[in-house]
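Q: When you get a sec, could you give me coordinates for this:
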Amino acid sequence: MSKSKMPLNQAQSLAERIVMELQPATVRISIAGSIRRRKEEVGDIEIVCIPLMQLDLFGDPSGSILDIHLEQLAEAGRIIKGDKWGRKYKKFHPPSMPDLSVDLFITTPTEWGYTFTIRTGPADFSRKVVTPRQQGGFLPGHLRVAECRLWEGATALETPEERDFFKALGKEWVEPEKRI
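A: As a prediction, this is how the structure comes out:
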């Protein structure tokens, strides 16, 4: 989390510029977190994306074009790499605002509904959607969460969109700004 907060309009503008910078290296990209929930003050920027992949001779994924793009941005001094730089999550900072964290969550089309829901938050809401109903959450007893997916037994449920994820939980859709 950043050391200070900024007004929503300033964070939204910065997040949109970052999305535009990353968009050519992604299949899909969206702003999540407190910006998406329209909070008046924002402490960090959260973005969810599906990377564009390089394909080998057989059409199989062989690497992430997004990873290459991010490395080029870091080498050019357009982003400052943070302390987390993994396959599914990268943290970086804009050079003009080194105290501001940009959290980039990297997902797949089949994981999008789950990941976008969780990363929109807030934290208490995200915990509830993965907590069983008998423990005060929203997760029906016949479902479990693993590998960024909802599972019923050995079958992964299809939740490519947030609304699909809510439907699988048996919950009505909740607009991001109303999630508490």
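Q: the helices in the protein, which residues?
A: Taking DSSP state H, the helices of the chain run over residues 8-22, 33-36, 65-75, 112-120, 123-130, 162-169.
Q: Highest mean neighbour count out of those helices?
A: Among the helices of the chain, the stretch with the highest mean neighbour count (mean count of other CB atoms under 10 Å) is helix 112-120, at a mean of 24. Quick note: C-beta positions are derived from backbone N, CA and C, even for glycine.
Q: returning to what we had before: possible to save the helices of the chain as TSV with distance to residue 47?
A: Output for the helices of the chain, formatted as TSV (distance: least, CB to CB, whole Å):
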stretch	distance to residue 47
helix 8-22	6
helix 33-36	8
helix 65-75	11
helix 112-120	8
helix 123-130	16
helix 162-169	15
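Q: Now tabulate those in CSV and tack on mean pLDDT.
A: CSV is the format used below for the helices of the chain (pLDDT from 0 to 100):
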stretch, mean pLDDT
helix 8-22, 98
helix 33-36, 98
helix 65-75, 97
helix 112-120, 98
helix 123-130, 96
helix 162-169, 97
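Q: For residue 43, find the nearest of the ones you listed.
A: Closest of those to residue 43 is helix 33-36, at 7.0 Å (criterion: CB to CB).
Q: which other residues reach the closest one?
A: Identification of contacts with helix 33-36 by CB atoms under 8 Å, 6 or more residues apart in numbering yields 8, 11-12, 15, 30, 41-46, 103, 119-122, 176.
Q: Just list whatever residues bridge to the residue nearest to the spatial centre of the chain.
A: Centroid check for the chain by CA atoms, centre = their mean gives residue 48 as the closest residue, at 3.0 Å. Beta-bridge partners recorded for residue 48 (DSSP bridges): residue 30, residue 105.
Q: Wait, residue 43 touches residue 5, no?
A: Yes - Residue 43 lies in contact with residue 5 (CB atoms under 8 Å); the separation is 4.8 Å.
Q: related to what we said a few turns ago, between the helices of the chain, which one is closest to residue 94.
A: Closest to residue 94 of these is helix 8-22 (CB to CB; 6.7 Å).
Q: Which secondary structure elements does that closest one sit against?
A: Here helix 8-22 touches strand 26-31, helix 33-36, strand 41-42, strand 44-51, helix 65-75, going by 3 or more CB pairs under 8 Å, 6 or more residues apart in numbering; DSSP states H and E.
Q: Within the sheet, what are the partner strands of the shortest one, with directions?
A: Looking back up the chat, that one is strand 41-42. Here strand 41-42 is paired, per DSSP bridges, with strand 6-7 (antiparallel).
Q: so how far is the partner strand off the chain centroid?
A: A distance of 20 Å separates the centroid of the chain from that of strand 6-7, by CA atoms, centre = their mean, to the nearest Å.
Q: and that strand, average pLDDT?
A: Average pLDDT, strand 6-7: 96.
Q: same deal with stretch 79-92?
A: Taken as a whole, stretch 79-92 has a mean pLDDT of 97.
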